[in-house]
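1. Build the 3D model from these lines:
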Amino acid sequence: MIPSKFSSLTNLQKSLVINALIILMWWLAFNPGFYSADSFGIIGTARSGNISSESTAIWALVVKFLTIHGSHPEIATLFFAQLLAFSVSLFAHSLFNGKTASWSSAALCMTPLVGAMGITLWHDIPMTSGFLLVVVGVLRYVK
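-> As a prediction, the model looks like this:
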């Protein structure tokens, strides 16, 4: 029953499922994710609620909300990693057609460029995802 359901999906839908599973494997292998001094700083800010500058206020609030007041940072890393995989999948399918798009997006998700970077708690991950989604919108509009 499962193979028949999977075979009825489009190439984009298959790619989204496969890439989500690839990123999930990255996340499970390195749970809760990769952290730097910035990551620990934002978790500390999310826990304490003391926001030190206006430029990081929205990021601190997003992390505070997603991590349930800083107590579960792994939720945020999973969310942002899946968002990055979604963006990469759409971007690849906007550039290429068919199996080329699926294979190229899966290959990118398997590499540390997307897989390891995606499971970090940096504000660069949702910003990169957003940039890719804007480019996808422009590419689809041009086509």
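2. distance of residue 90 from residue 140?
-> Look at residue 90 and residue 140: by C-beta to C-beta, to the nearest Å, they are 9 Å apart. For glycine as for every other residue, the C-beta is placed from the backbone atoms N, C-alpha and C.
3. Please say which of those two ends up with more neighbours.
-> residue 90 (23 against 11; other C-beta atoms under 10 Å).
4. Could you pull up the residues touching the residue nearest to residue 92 when sequence neighbours are not counted?
-> Nearest residue to residue 92 in three dimensions, chain neighbours excluded: residue 105, at 3.6 Å (C-beta to C-beta, 6 or more residues apart in numbering). Contacts here follow C-beta atoms under 8 Å, 6 or more residues apart in numbering; on that basis residue 105 touches 15, 19, 88, 89, 91, 92, 93.
5. Buried ones in stretch 56-74, by neighbour count?
-> Buried residues in stretch 56-74, counting neighbours by 16 or more other C-beta atoms under 10 Å, are found at 56, 59, 60, 62, 63, 64, 66, 67, 70, 73.
6. From the contact counts, what lies against the helix or strand harbouring residue 81?
-> Using DSSP states H and E, residue 81 sits within helix 73-95. Counting contacts by 3 or more C-beta pairs under 8 Å, 6 or more residues apart in numbering; DSSP states H and E, helix 73-95 packs against helix 11-29, helix 57-66, helix 98-110, helix 115-118, helix 124-142.
7. what comes up buried for the shortest one?
-> This points to helix 115-118. In helix 115-118, counting by 16+ other C-beta under 10 Å, buried: 115, 117, 118.
8. contacting residues for the last one?
-> Residue 118 sits next to 23, 26, 77, 80, 81, 84, 85, 125 when contact means C-beta under 8 Å, 6+ apart.
9. which non-adjacent residue is nearest it?
-> residue 81 (3.6 Å).
10. Quick check: the gap between residue 73 and residue 112.
-> Counting by C-beta to C-beta - residue 73 and residue 112 are separated by 20 Å.
11. and what of residue 70?
-> 26 Å.
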